[in-house]
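[1] Generate a structure from the sequence data that follows.
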Amino acid sequence: MKYIPLDAGRNLDLILLGRVAIDFNPLDYNRTLAESTTFRKYLGGSPANIAVGLSRLGKKCGFFARVSDDRFGDFAVDYFKKENIDTSHIHRCEHGEKLGLTFTEILSEEESSILMYRNRIADLQLCMKDIDEKYIRQGKALLISGTALAESPSREAALKAVFLAKKTNTPVIFDIDYREYNWKSKEEIGVYYGIVAGQADVILGSRKEYDLTEQLIRPGMKDEESAAYWHGRGAKIVVIKHGKEGSTAYTSDGQRFSIKPFPIKKLKGFGGGDGYASAFLYGLLEGWDIIDCLEFGSASASLLIASHSCSDSMPDVAAIQTYIKDCKQKYGNMIARA
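    A predicted model of the protein is given here:
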């Protein structure tokens, strides 16, 4: 069953809006950041990683973003072009703002952390003049990353994009993607997350992220209550993630589908969510059954947490299919299906 209407005549499968950043992951891991001395540079930022993931899976993506007017900005734009992602609506900052820098600490396969530098940040300079209705009309769907709502003028640009998407019958996907940086208060998070979630056709987030979104509406809801509430606001699919426990998708026709993580030897504890989102959305764009979308997303997430990077390690369709097949041969067909 197709839960969201997709206009096959539009030339972009998905337009994403949100942050582009630079990741520095240690090559001498299993030690603290204070002890690490050698790092490898990657393109980063959840929506950027999702765009790369979808492009590797054969989908055509566009992007609304601001990047720095320097060599790191060049790196980001060139990386997108190499991945066949449309960069026509990625603009340069005009007042010296810089791309966010993310340094990762990999102490063990179970213990990882992230240190972000996000002062005077480029991605939050996205402004309303950057949002183009004609461009939105080219996308089958629009994805809003929650980090874009953390500060003006980016939050107004994101809201403009949401309202233009509704005007143009473009389905809205809300990846809550909470990061503590740049927000002024907890209540502020609830206000802006609540606005966008109330306009979304698909919502993706962890239980903690739903709690932040719902804090001013109806705090303390359980998963089923959250799904029912957002379905009542118009969402067709509500995906709630519980990390190692797996995730569940609730559909507006009253069904629920659950998936567990695929077994793999982890390298790090981050990056899986971006692989999950890109592969899940790939299945959705292909019109797959929801359980198959979840399985594809879970498999991609496992591959990502076993890899050193996020963007560079995004798998193609064949790699995910092969991994699923190998796992089922080794552990049984129901290995990830709850």
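[2] and G62, what are its phi and psi?
    phi -120, psi 170 (degrees, to the nearest 10).
[3] Surely it touches Q138?
    Yes: under the criterion of CB atoms under 8 Å, G62 makes contact with Q138 at 6.8 Å. For the C-beta atoms, the positions are set from N, CA and C on the backbone; glycine is no exception.
[4] So the two - more neighbours on which side?
    More crowded of G62 and Q138, by other CB atoms under 10 Å: G62, with 24 against 19.
[5] Show the pLDDT at that one.
    Note on G62: pLDDT of 98.
[6] For it, give its distance to A8.
    Distance, G62 to A8, using CB to CB, to the nearest Å: 16 Å.
[7] How about S36?
    Applying CB to CB to S36 and A8 gives a distance of 48 Å.
[8] Who has more neighbours out of these two?
    Per other CB under 10 Å, whichever of S36 and A8 has more neighbours is S36, with 19 against 5.
[9] Give the helix, strand or coil label for the more buried one.
    coil (DSSP: H, G, I helix; E, B strand; the rest coil).
[10] ok, now which ones touch it?
    By CB atoms under 8 Å, 6 or more residues apart in numbering, the residues touching S36 are 26-29, 105.
[11] Just the buried ones from the residues you listed?
    Among the contacts of S36, those buried by neighbour count (16 or more other CB atoms under 10 Å) are 26, 29, 105.
[12] what's the closest of those to R40?
    Distance ranking of the buried ones among the contacts of S36 against R40, using CB to CB, places P26 first at 8.1 Å.
[13] Now do the contacts for the closest one.
    33, 36, 38-39, 104-106 are the contacts of P26 under CB under 8 Å, 6+ apart.
[14] Which strand or helix spans the closest residue to S309 other than its chain neighbours?
    Spatial nearest neighbour of S309, excluding adjacent residues (CB to CB, 6 or more residues apart in numbering): Y42 at 4.5 Å. Secondary structure assignment for Y42, by DSSP states H and E: strand 39-44.
[15] and what of Y192?
    Going by DSSP H and E, Y192 is in helix 186-197.
[16] any weak-confidence spans in the stretch 201-338 of the chain?
    Scanning the stretch 201-338 of the chain for pLDDT under 70 picks out 338.
[17] Now with 80, please.
    266-271, 335, 338 (pLDDT under 80).
[18] Let me see the ranges of the strands in the stretch 101-250 of the chain.
    Using DSSP state E, counting those that start in this stretch, the strands of the stretch 101-250 of the chain run over 112-117, 142-145, 172-175, 202-206, 237-241, 247-251.
[19] which stretch among those strands comes nearest R19?
    strand 142-145 (6.5 Å).
[20] what are the pairing partners of the closest one, and which direction each?
    Paired neighbours of strand 142-145 in the sheet (DSSP bridges): strand 14-17 (parallel), strand 172-175 (parallel).
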